[in-house]
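Participant: Return a 3D structure for these sequence lines:
(one chain, ligands or ions: 2)
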Amino acid sequence: MAILVTGGMGYIGSHTCLELLELGYEVVCIDNLSNSSPESIRRVEELTGKSVRAYIGDVRDEALLRQIFAENTIDCVIHFAGLKAVGESVSIPWKYYDNNLNSTLVLTKVMADVGVKRIIFSSSATVYAGDNQMPLREDSRTGGCTNPYGWTKYMTEQILSGMAFADRDWSVVLLRYFNPIGAHHSGRIGEDPQGIPNNLMPFITQVAVGRRERLNIFGNDYDTPDGTCIRDYIHVVDLAKGHVAAISYVMQNQGCEVFNLGTGQGTSVLEMVNTFMEATGVNVPYVFAGRRAGDLPVCYAGTDKSAQVLGWKAEKTLFDMCRDSWAWQSKNPMGYLEK
Ligand code: NAD
Ligand code: UD1
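Facilitator: Numbers count the residues shown, from 1 in each chain. Ligands and ions are numbered 1, 2, ... in the order given. Prediction:
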């Protein structure tokens, strides 16, 4: 079976390509390298001893997509390609709406034309409204997003579910990721953010490796046990395995289904920093800074539906996530620039 992976050279895409290859799937990938390096897929090939058919190009390029579907017999698409920097989406919203919405529109138009109507989409916990009770369940309220990035995820969910409602031949799975961190245990592939990281774990690992002086912890006056925010961190390899489970589902069903991919466990920022220091033996200096606009105090997933319907559950611990993030960062202090 052949899977087209858009954004396959990125962080989650490269780990998913690796899992797919190890399970014997054929992998075709398209990436425009706007936030990645072809070195990631070269290393996936090296780790698995298998090859990926890689196209460098934009998912909004309809002619290229037609060529890819003509040259390969694709059974299903996993659509990772997208821009994800929340702050940049606030300053340059058009770029986010153009990239994230038009990529999905062009992709699904071509898929419909060639009769491949099975798609798994990378959504986010960010689509949930801010006033829900925890844990967030798939039927918790969505909308009221606080930034254009979040709206692109919300709107893409609307587009894909509307298509599946209108044409029962479509099979759509919307995966709402919580906070992916960690790396393949080899330390050969991992997250390689450009510029100053926005997210917690890449910031911690860059402090640990000496690229940044200290971590700013955004707020220690939240209504949580230690005053810092709580999130549901999930190992990227568990997340990649969630996509494999979703492929089985999408191949056997019609319509549109949404699943959370999280662990169901909340971890505070301070717990994360302390676990990282314990798992790696490396000190991470930090200071308490003011709250970051838009942060929720607590966010974690309800995992019953993905366990019951997909038969998938995250298995790795916070300790594993910290150890593996550090394996990647310590072996590649400058990311994929270090060949
Ligand atoms: P990433 O930036 O590492 O990967 C995305 C990949 O898509 C990159 O390789 C980039 O070059 C490529 N890309 C972007 N626009 C493209 C286009 N128009 N055509 C072709 N390629 C394009 O990000 P990631 O962390 O691997 O995230 C993958 C997906 O998961 C994204 O859609 C992201 O929004 C979503 N997501 C990520 C997180 C997270 O915390 N990492 C959380 C929730 C959802
Ligand atoms: C952020 C985005 C969210 C996006 C997700 C994955 C915001 C408001 N939310 O979520 O839309 O889907 O990333 O890309 O940007 N923290 C620090 N110091 C840091 C970095 C983070 O204390 O230098 C804290 C944050 O305040 C938060 C926690 O660490 O409490 C996790 O932050 P982060 O990794 O950015 O994830 P989210 O805030 O959950």
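
Participant: Could you list the buried residues of stretch 199-212?
Facilitator: For stretch 199-212, burial by neighbour count (16 or more other C-beta atoms under 10 Å) applies to Asn199, Leu200, Met201, Pro202, Phe203, Ile204, Thr205, Gln206, Val207, Ala208, Val209, Arg212. Bear in mind the C-beta positions are built from the backbone N, C-alpha and C, glycine included.

Participant: Could you do stretch 219-236 as well?
Facilitator: 219-220, 222, 224, 227-236.

Participant: ok, that stretch near ligand 2 or not?
Facilitator: Yes: using C-beta under 6 Å from any ligand atom, stretch 219-236 comes into contact with ligand 2 via Cys229, Arg231.

Participant: So in terms of bridging, what pairs with the closest residue to ligand 1 within the stretch 151-300 of the chain?
Facilitator: Closest approach between the stretch 151-300 of the chain and ligand 1, counting by C-beta to the nearest ligand atom: Tyr177, at 3.9 Å. Here Tyr177 sits in beta bridges with Ser124, Leu261, going by DSSP bridges.

Participant: pretty sure it contacts Val127?
Facilitator: No: using C-beta atoms under 8 Å, Tyr177 is not in contact with Val127, being 10.5 Å away.

Participant: Now do the lowest-mean-pLDDT helix or strand in the chain: everything it contacts.
Facilitator: Every helix and strand of the chain was ranked by mean pLDDT, DSSP states H and E. The lowest is helix 86-91, at a mean of 94. Contact with helix 86-91 is made by Leu83, Lys95, Tyr96, Thr126, Asn147, Pro148, Tyr149, Gly150, Thr152, Asn198, Gly294, as judged by C-beta atoms under 8 Å, 6 or more residues apart in numbering.

Participant: Swap in 10 Å and give it another go.
Facilitator: Contact partners of helix 86-91, identified using C-beta atoms under 10 Å, 6 or more residues apart in numbering, comprise 83, 85, 95-97, 99-100, 124, 126, 146-152, 195-196, 198-199, 292-294.

Participant: does any part of whatever helix or strand Met251 lives in sit near ligand 1?
Facilitator: Using DSSP states H and E, Met251 falls within helix 236-252. No: against ligand 1, helix 236-252 shows no contacts by C-beta under 6 Å from any ligand atom, the least distance being 8.2 Å.

Participant: Check which residues of that helix are buried.
Facilitator: Across helix 236-252, burial judged by 16+ other C-beta under 10 Å covers 236-247, 249-250.

Participant: Looking at those, which is nearest Val273?
Facilitator: Of all those, Val273 sits closest to Val236, with 19.4 Å by C-beta to C-beta.
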